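K.L.:
Structure, please.
(2 chains)
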Amino acid sequence: AQSVTQLDSQVPVFEEAPVELRCNYSSSVSVYLFWYVQYPNQGLQLLLKYLSGSTLVKGINGFEAEFNKSQTSFHLRKPSVHISDTAEYFCAVSVWTSGTYKYIFGTGTRLKVLA
Amino acid sequence: DTEVTQTPKHLVMGMTNKKSLKCEQHMGHRAMYWYKQKAKKPPELMFVYSYEKLSINESVPSRFSPECPNSSLLNLHLHALQPEDSALYLCASSQGQGHNTEAFFGQGTRLTVV
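P.N.:
Have a look, this model is predicted:
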């Protein structure tokens, strides 16, 4: 079964430092991966997606991710974080089942940006 | 318009009440979803509608009853809920069958069962 694993539950980082949030996936077929951000008491906002093509994906707010098939990873990176990046980040995979796609989420990583 | 609109934003209900959550999208998406999210946890899938038909029910208790009146609307009817059902309920939509793209999420309804 397709799934994603986020090993880091919390990542503290100082403002203007780089950050990497890790996501590993398990799949034996074509995989479609997403990163979402959730600010407190809000819904989920898409940061970026990998469906096919270039393995380096650029998203909103200066985030990017690299799809690595050999390492089954899809890590999220930002070269310089801001206080406003403090939020919960979810990696997700879409799975085709019962005639539709469903989206399965990792357990999330709480990014805390420190002044 | 890339919005998924959920109403109400907050809801407090007693265990004997009947209430409904509403979700609307005008992106022409043919798949719509209900997720439940407890504090500090990821969203958990409850139901998926594809082309207005229920495709997936993730073994959700019958006190939750989904309804898809048309391709733009999705409801979640609530009856005889328990305090442990208190959570953030998220609606989402995607293009649907044959189109693997992202899901768009609403802002959620914060439900408190007392």
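
K.L.:
pLDDT below threshold where in chain A?
P.N.:
A:28 (pLDDT under 70).

K.L.:
need the residues of it near chain B, please.
P.N.:
Where chain A comes near chain B, counting by Cβ under 8 Å from any Cβ of the partner chain, the residues are A:32, A:34, A:36, A:41-46, A:49, A:51, A:90, A:94, A:96-108. To be clear about C-beta, it is placed using only N, CA and C from the backbone, and glycine gets the same treatment.

K.L.:
Can you flag the buried ones in those residues?
P.N.:
A:32, A:34, A:36, A:42-46, A:49, A:90, A:94, A:100-106, A:108 (16 or more other Cβ atoms under 10 Å in any protein chain shown).

K.L.:
returning to that earlier point: inside helices: which ones of the residues of chain A next to chain B?
P.N.:
Residues of the residues of chain A next to chain B located in helices (DSSP state H): none.

K.L.:
Centre of the chain to the strand of greatest length in chain A, how far?
P.N.:
The longest strand of chain A (DSSP state E) is strand A:87-97. In terms of Cα atoms, centre = their mean, to the nearest Å, the gap separating the centre of strand A:87-97 from the centre of its chain is 8 Å.

K.L.:
which helices and strands sit right next to that strand?
P.N.:
Applying 3 or more Cβ pairs under 8 Å, 6 or more residues apart in numbering or on different chains; DSSP states H and E, we find strand A:87-97 packed against strand A:3-5, strand A:33-38, strand A:73-78, strand A:100-105, strand A:109-114.

K.L.:
Turn those into a markdown table, including distance to residue B:90.
P.N.:
Listed next are the helices and strands packed on strand A:87-97 as a markdown table, based on distance: least, Cβ to Cβ, whole Å:
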| stretch | distance to residue B:90 |
| --- | --- |
| strand A:3-5 | 18 |
| strand A:33-38 | 10 |
| strand A:73-78 | 21 |
| strand A:100-105 | 11 |
| strand A:109-114 | 18 |
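
K.L.:
Send over stretch B:28-47 as CSV, restricted to the C-alpha atoms.
P.N.:
The C-alpha coordinates for stretch B:28-47 follow below in CSV (Å, rounded to 0.1, in the frame of the first residue of the first chain):
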residue,chain,number,x,y,z
GLY,B,28,-15.8,22.1,-11.8
HIS,B,29,-14.2,19.4,-9.7
ARG,B,30,-15.9,16.0,-9.7
ALA,B,31,-14.4,14.5,-6.6
MET,B,32,-15.2,15.8,-3.1
TYR,B,33,-13.9,14.7,0.2
TRP,B,34,-14.6,14.8,4.0
TYR,B,35,-11.6,14.6,6.3
LYS,B,36,-11.5,14.6,10.1
GLN,B,37,-8.5,16.2,11.9
LYS,B,38,-7.8,15.9,15.6
ALA,B,39,-5.4,18.2,17.3
LYS,B,40,-1.8,17.6,16.4
LYS,B,41,-2.7,14.8,14.0
PRO,B,42,-2.9,14.5,10.2
PRO,B,43,-6.2,14.7,8.4
GLU,B,44,-8.0,11.3,8.2
LEU,B,45,-10.2,10.5,5.3
MET,B,46,-13.8,9.8,6.0
PHE,B,47,-15.7,9.9,2.7
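
K.L.:
buried stuff in it?
P.N.:
Applying 16+ other Cβ under 10 Å to stretch B:28-47 flags B:29-37, B:42-47 as buried.
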